[in-house]
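Coordinates only, no sequence provided:
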């Protein structure tokens, strides 16, 4: 059995597992519950979390090295196992990191017990009021692409509301292009036009297609938008 074949088989097995969790959650009337089901069933095994690199996302790292931003308050949306939040902390940001899954947040607290990151359980579509207008940087990686369209639209409406004037959103995910073949979600690759529409109240800083060396068959993007200064 070749390494490539084995990897594809593992990917297929994970896809079936995610689809099963999603179907069960939707059948129970709580479509976003599958995140908690996934983290809980992983039982501390990060290999069961398909988006867990256990290190900072390379696209985020490259962007924060491309242009220096004065550290302030940062919000990590759907923080996963926490590596991106820790990277922001290391750069000097005061970080609030949240996820919908209590098991996920407990996992982060266990991994990074001495960190100053504030770990919270929260729903991006119904965030705490005190977070609105309070952050200089908002980062979402693979979150919009991982939730169903109704929740995705609500989440996209909320993200700009977290920003202070001149604050930035960094959004990273899979882009819907002509290379994308029909697959069972999640994730749902996102169209560039859809993203531009959702963040039309902000100033576009950049939008760049990305292909990672370890996943050459997947089209990705990074989008950066800025809230205008108040006049």
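Yep, that arrived. Here the structure is a predicted model, which is why all the values come from computation and not from measurement.

what ranges do the strands span in the protein?
Secondary structure of the chain by DSSP state E: the strands cover 73-77, 94-99, 118-121, 135-141, 163-174, 203-210, 220-226.

got those strands as TSV, with distance to residue 56, mean neighbour count and mean pLDDT columns?
For glycine as for every other residue, the C-beta is placed from the backbone atoms N, C-alpha and C. Compiled in TSV, the strands of the chain are given as follows (distance: least, Cβ to Cβ, whole Å; neighbours: other Cβ atoms under 10 Å; pLDDT from 0 to 100):
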stretch	distance to residue 56	mean neighbour count	mean pLDDT
strand 73-77	11	26	98
strand 94-99	13	24	98
strand 118-121	17	16	98
strand 135-141	10	24	98
strand 163-174	12	21	97
strand 203-210	15	14	96
strand 220-226	14	21	97
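
Which among these is found nearest to residue 48?
strand 94-99 (15.7 Å; Cβ to Cβ).

Adjacent strands (with direction) for the closest one?
Applying DSSP bridges to the sheet, strand 94-99 is found paired with strand 73-77 (parallel), strand 118-121 (parallel).

Check this protein and tell me which residue is nearest its centre.
residue 141 (2.6 Å; Cα atoms, centre = their mean).

Kindly provide the distance from it to residue 118.
Distance, residue 141 to residue 118, by Cβ to Cβ, to the nearest Å: 18 Å.

okay, and for this structure, where does confidence drop off?
1-10, 181-185, 231 (pLDDT under 70).

before we move on, back to that, how about the residue nearest to the centre of the chain, nearest residue that isn't a chain neighbour?
Distances taken as Cβ to Cβ, 6 or more residues apart in numbering place residue 172 nearest to residue 141, at 4.5 Å, with adjacent residues excluded.

thought the one you found was touching residue 57?
Yes: counting by Cβ atoms under 8 Å, residue 172 touches residue 57, with 6.5 Å between them.

Overlap in contacts, these two.
residue 141 (Cβ atoms under 8 Å, 6 or more residues apart in numbering).

count of neighbours near residue 100?
21 (other Cβ atoms under 10 Å).

need the contact list for it.
Contacts of residue 100 (Cβ under 8 Å, 6+ apart): 32, 35-36, 78, 121-124.

Could you pick out the buried ones from these?
32, 35-36, 78, 122, 124 (16 or more other Cβ atoms under 10 Å).

Among those residues, list the two that are farthest apart in space.
Maximum distance among the buried ones among the contacts of residue 100 (Cβ to Cβ): 14.5 Å, for 36 and 124.

What are the boundaries of the helices in the protein?
Using DSSP state H, the helices assigned to the chain run over residues 3-27, 34-42, 58-66, 83-90, 102-111, 149-158, 192-198.

measure residue 101 to residue 110 for me?
In this view, residue 101 and residue 110 are 14 Å apart by Cβ to Cβ.
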